[in-house]
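1. Pasting the sequence and the predicted model now:
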Amino acid sequence: MSRSGYTDDNDDPLAHGRWRQAVRRALEGKRGQQLLRELVEALDAMPDKRLFAGSFATAAGEFCTLGVLGAKRGTKMDDLGSEDTCDPAQVGKRFGIARAMAAEIMYMNDEYVVDEWKWVDVEICGPVRPYKPDWGRHVRSVRLPNENHPSERWQRMRAWAVAHLKPADPDAASSREAGRTGNGGEALTPSKDEQSPGCSDGAD
């Protein structure tokens, strides 16, 4: 099981395409862009820039990507579940985004971006067998835990969030600045001013 609900069992390319479209719309929508901006700020504000997989927050102070933002917002997360019980729709509702975007963020955090294991080459001193499995080689690749995976996850999730932010519109920024200062240069009071594969999940 995974928090995202993503599976390799879906062989319907049309359903997959619809799902990817829902993810794209959610990321590019108004709510998605707002969350991404908040997320980058929350990640940058972390004193210990490490992210973990499988749960939103732990008693040891470990957070996933959404968990960091939830902690910053003061969002209740202890009822959102973990790998076996998480419902992306509930997560999306709690964070104010579409289910598709919530599932995508949890997938990227838990399953995609970082390998918790790594391969390293070690040199064997002394005699080696000239036949299988050594074949006379003194260098062998071994699989070890990747102790840097929490910090690597932080780096890649931040880069992912930034990559999905829309660039600022310079013309709109100029208009907003003009509205704040007015013609006479005095400050003016500013006005107040996004499922499962095959299903659409609205974005705004």
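-> Right, received. Where do you want to start?
2. helix/strand/coil for the closest residue to residue 128 other than its chain neighbours?
-> Leaving aside its sequence neighbours, residue 128 sits nearest to residue 134 (C-beta to C-beta, 6 or more residues apart in numbering; 4.1 Å). Any C-beta I mention is one placed from the backbone N, CA and C, and that applies to glycine too. Here residue 134 takes the coil state, with states given by DSSP: H, G, I helix; E, B strand; the rest coil.
3. Quick one: residues contacting residue 134.
-> Contact analysis of residue 134 by C-beta atoms under 8 Å, 6 or more residues apart in numbering lists 124, 128, 140.
4. Please report which of the residues you listed has the highest neighbour count.
-> Using other C-beta atoms under 10 Å as the neighbour test, these are led by residue 128, with 15 neighbours.
5. And the pLDDT for it?
-> Here the pLDDT value assigned to residue 128 is 73.
6. Distance of it relative to residue 2?
-> 41 Å (C-beta to C-beta, to the nearest Å).
7. now residue 19
-> 15 Å.
8. which of the two has more neighbours?
-> Using other C-beta under 10 Å as the criterion, residue 19 and residue 2 rank with residue 19 on top: 23 against 17.
9. tell me which element residue 35 falls in.
-> Using DSSP states H and E, residue 35 sits within helix 30-44.
10. no, scratch that, I was asking about residue 120
-> Going by DSSP H and E, residue 120 is part of strand 117-123.
11. Can you dump the C-alpha atoms of that strand in CSV for me?
-> Presented in CSV, the C-alpha positions along strand 117-123 are these (Å, rounded to 0.1, in the frame of the first residue of the first chain):
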residue,chain,number,x,y,z
TRP,A,117,19.5,2.5,-0.6
LYS,A,118,22.6,3.1,-2.6
TRP,A,119,25.2,1.0,-4.5
VAL,A,120,28.8,1.6,-3.6
ASP,A,121,32.0,0.0,-4.9
VAL,A,122,34.2,-1.6,-2.3
GLU,A,123,37.7,-3.0,-2.9
